[in-house]
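# 3D model of this:
(chains A and B)
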Amino acid sequence: MKMKKFLALGLCAMMAVTTFVSCGSSDSGSGEGPTGDITVVSREEGSGTRGAFVELMGVMDEEENDITTQNAEVTNSTSVMMQTVAGNDAAIGYVSLGSLSDDVKALKVDGVEATVDNVKSGDYKVARPFNIVKGKNVSELAQDFEKYIMSEEGQATVAEEGYIREDNTEEYTASGLSGKITLAGSTSVAPVMEVLAEGYKALNPDVEIEIQQTGSGAGIESAIAGTCDLGMSSRALTEDELAQGLTVTEIATDGIAVIVNNNNTIEDLTTDIIGQIFKGEITTWDEVTK
Amino acid sequence: MEISRNQFKEKIMKLVFLVTAMASIIAVIVICGFLFVNGVPAIKEIGVKEFLLGMEWLPMQEIFGILPMIVGSIYVTAGAIIIGVPIGIFSAVYLVRFCNEKVYKIVKPAVELMAGIPSIVYGFFGLVVIVPAFQTIFGGSGKGLLTASLLLGIMILPTIISVVESSLRAVPEHYYEGALALGATRERSMFFVTLPAAKSGVLAGVALGIGRAIGETMAVVMVAGNQPIIPDSILSGVRTMTSNVVLEMGYASGLHREALIATAVVLFVFILLINLSFSALKRRAD
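Below you'll find the predicted structure:
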């Protein structure tokens, strides 16, 4: 008897809470543009995408420290980022241009649409380099692979994968070398590197290529330590890293798209406002639409 | 001749068994060694107080304070226990005493299947089902302490149910019958006689549940929001120690990397303390 009463009471309380809360949130959605609190979604500290984003959007203080708001959600995966923004009307985040899909909406930044052409022409400013990093003792084979990546054929692959290619290319002829190349580093660079590796192996069947996705920082570190032949980095190298005697080759450029939910009516934001959102100075959509 | 060969074989096999028995101990020692050798110098460099009680985690500026993560882990685990333990114990009681055989044949394999689902699948389920649901119910982003606690509460159910169930079954039947004979109802006999008699098993189940909850990573990282702040409400985002390590390990280098390993050291100490206090509790309960 007592038990039943308890249960009924609990259910009532739950219903009350539900109605109360849904009342509270139902006043959003009407009128022009999104309202309510912004859900800021960021990548984790140390990510190449985040490093490039905060630099380009000015989410930094005078000493160039990353000052992304501590209230930002953090994820270390592109798919969780996409899923979060696709499922939350109030969310704003950023992803590599290569992994953009219809599930979310890419904003224009300062009036410029995030497309490959605009990144290439330099109109769309939110872009970063994809680098490969060589230590002091690079094998002949690894150098040959680099030559392939920078060739017309390799750069055509880069463009096909949705990134921005380099233009000064040379012809590549199969070297007939054999052996194994190990690459380590950025998870953003890895997908295009897989495709490049396939293309290289088609020309040089005796070569084995291993790609480890460890992140930019770890990739650069392995290149310094010599535990991999080539490191992959999706950000510019720091002075400390360059002082270790590394050679850097830019193999492609990747745009970073600022993404919001498809239901969001905003199409265009300025660098300044995006920066303020990620700094936590603007916290509601009402301030943005004003 | 024949005998000495047999003796030789015997000795060899003894050695083989000794090595296999040692394997787990060696693994534990090596892991401990790795953690402390890499983590303790980092804690020293950062400063014990700054590291354990620091409120800010800004690795790029070399500020490493993990108090928000310690508090986050405790909150999330406590939430999981509040949700998971009552459901787990009631389910076990139901399975042992009140359900008929047909239901048991369905529920028991289902619980066992739950234990076998990889945690990343739980995480994805949380991200696409629980998060949007909480968004519509509570507003906000839907990610945070409550979401993580609910998901973990579900994840620790199979552990708690199976341990509590087997410990309830180990209680001699005449305890229950004796209580009935004294005029107690079935529910009362179960909850006030059989369950207290199985106390040490129940505690073990809860301890295992806590261990799983505090150590869970992949599911939590997808639904907790991962803000390195001390949550100010149950809907606020939270970062646990495990998610701190897994989020940033890929890109970390230098002191940042060592600080992440040091976070794992703190987690390790926590789990050690939990295990020790539960075995002390258990000894008193016995």
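# CA atoms for contacts and neighbours, from now on please.
OK.
# which regions of chain A lie under the pLDDT threshold?
A:1-33 (pLDDT under 70).
# what about residue B:109, which SS state?
For residue B:109, the assignment made with DSSP: H, G, I helix; E, B strand; the rest coil gives helix.
# ok, now residue A:263?
Residue A:263 ends up coil, using three-state DSSP.
# what residues are up against it?
Residue A:263 makes contact with residue A:89 under the criterion C-alpha atoms under 8 Å, 6 or more residues apart in numbering or on different chains.
# now it: how far from residue B:34?
Here residue A:263 is placed at a distance of 49 Å from residue B:34 (C-alpha to C-alpha, to the nearest Å).
# cool, and residue B:123?
For residue B:123, the distance to residue B:34 - C-alpha to C-alpha - is 29 Å.
# Same check on residue A:149?
39 Å.
# Those two - which one has more neighbours?
Taking other C-alpha atoms under 10 Å in any protein chain shown, residue A:149 and residue B:34 do not tie; residue A:149 has more neighbours (24 against 13).
# near chain A, which residues of chain B show up?
Residues of chain B lying near chain A by C-alpha under 8 Å from any C-alpha of the partner chain: B:59-61, B:127-128, B:132, B:135-141, B:221-222, B:225-229, B:237, B:247-248, B:250-253.
# Can you point out the buried residues in stretch A:94-113?
For stretch A:94-113, a neighbour-count test (16 or more other C-alpha atoms under 10 Å in any protein chain shown) marks A:94-98, A:100, A:104-110, A:112-113 as buried.
# Can you say which two of these are spatially most distant?
Within these, two members stand farthest from each other by C-alpha to C-alpha: A:98 and A:110, at 20.5 Å.
# Could you pull out the helices in the stretch 1-150 of chain A for me?
Taking DSSP state H, counting those that start in this stretch to define them, one finds helices in the stretch 1-150 of chain A at A:2-26, A:48-57, A:78-87, A:116-121, A:140-149.
# Oops, could you answer that again for the stretch 1-150 of chain B instead?
Using DSSP H, counting those that start in this stretch, helices in the stretch 1-150 of chain B cover B:2-46, B:48-53, B:67-93, B:101-116, B:119-125, B:131-138, B:145-155.
# quick one, what contacts the most centrally placed residue in chain B?
With distances taken as C-alpha atoms, centre = their mean, residue B:212 lies nearest the centre of chain B, 1.7 Å away. Contacts for residue B:212 (C-alpha under 8 Å, 6+ apart) come out as residue B:156.
# where's residue A:239 relative to residue A:246, distance?
11 Å.
# Flag every residue of the stretch 101-250 of chain A that's near chain B.
Residues of the stretch 101-250 of chain A lying near chain B (C-alpha under 8 Å from any C-alpha): A:214-218, A:221.
# Quick check: buried residues in stretch B:278-286?
Neighbour counts over stretch B:278-286 (16+ other C-alpha under 10 Å) mark B:278-279, B:282 as buried.
# same question, stretch B:240-256
B:240-245, B:247-253, B:255-256.
# wait, residue A:253 sits on residue A:126?
No: using C-alpha atoms under 8 Å, residue A:253 is not in contact with residue A:126; the gap is 10.4 Å.
# now chain B, which segments are flagged as low pLDDT?
B:1-3, B:285-286.
# so who does the nearest residue to residue B:81 once chain neighbours are set aside touch?
Closest residue to residue B:81 apart from its sequence neighbours, by C-alpha to C-alpha, 6 or more residues apart in numbering or on different chains: residue B:153 at 6.3 Å. By C-alpha under 8 Å, 6+ apart, residue B:153 lies in contact with B:79-85, B:213.
# Can you say which of those are buried?
Looks like the contacts of residue B:153 have B:79-81, B:83-85, B:213 buried, using 16+ other C-alpha under 10 Å.
# Which member of these is positioned nearest chain A?
Ranked by distance to chain A (C-alpha to the nearest C-alpha), the buried ones among the contacts of residue B:153 are led by residue B:83 at 14.7 Å.
# ok now do the closest one, which residues does it touch?
B:149-150, B:153-154.
# ok, so of the residues you listed, who is nearest residue B:202?
residue B:153 (16.1 Å).
# Now do the closest one against residue A:191, distance only.
For residue B:153, the distance to residue A:191 - C-alpha to C-alpha - is 36 Å.
# where's residue B:5 relative to chain A, distance?
Using C-alpha to the nearest C-alpha, to the nearest Å, residue B:5 is found at 48 Å from chain A.
# For residue A:198, list the residues it contacts.
No contacts exist for residue A:198 under C-alpha under 8 Å, 6+ apart.
# That one looks like it's in a helix, true?
Yes: Residue A:198 forms part of a helix when assessed by three-state DSSP.
# Looks like residue A:105 contacts residue A:265 (just checking).
No: under the criterion of C-alpha under 8 Å, residue A:105 makes no contact with residue A:265, lying 9.8 Å away.
# quick one: common contacting residues for those two?
In contact with both residue A:105 and residue A:265: no residue, using C-alpha under 8 Å, 6+ apart.
# What about residue B:73, how many residues nearby?
24.
# related to what we said a few turns ago, what's the most buried one of the helices of the stretch 1-150 of chain B?
helix B:145-155 (a mean of 26; mean count of other C-alpha atoms under 10 Å in any protein chain shown).
# Mind giving me the packing neighbours of the next helix or strand after that one?
As assigned by DSSP states H and E, the chain's next helix or strand after helix B:145-155 is helix B:157-169. Under the contact criterion of 3 or more C-alpha pairs under 8 Å, 6 or more residues apart in numbering or on different chains; DSSP states H and E, helix B:157-169 touches helix B:67-93, helix B:101-116, helix B:199-215.
# which ones are touching residue 68?
All of this refers to chain A. Neighbours of residue A:68 in contact, by C-alpha under 8 Å, 6+ apart: A:54, A:59-60, A:278-280.
# meant chain B, my bad for not saying
B:55-56, B:228-230, B:239-240.
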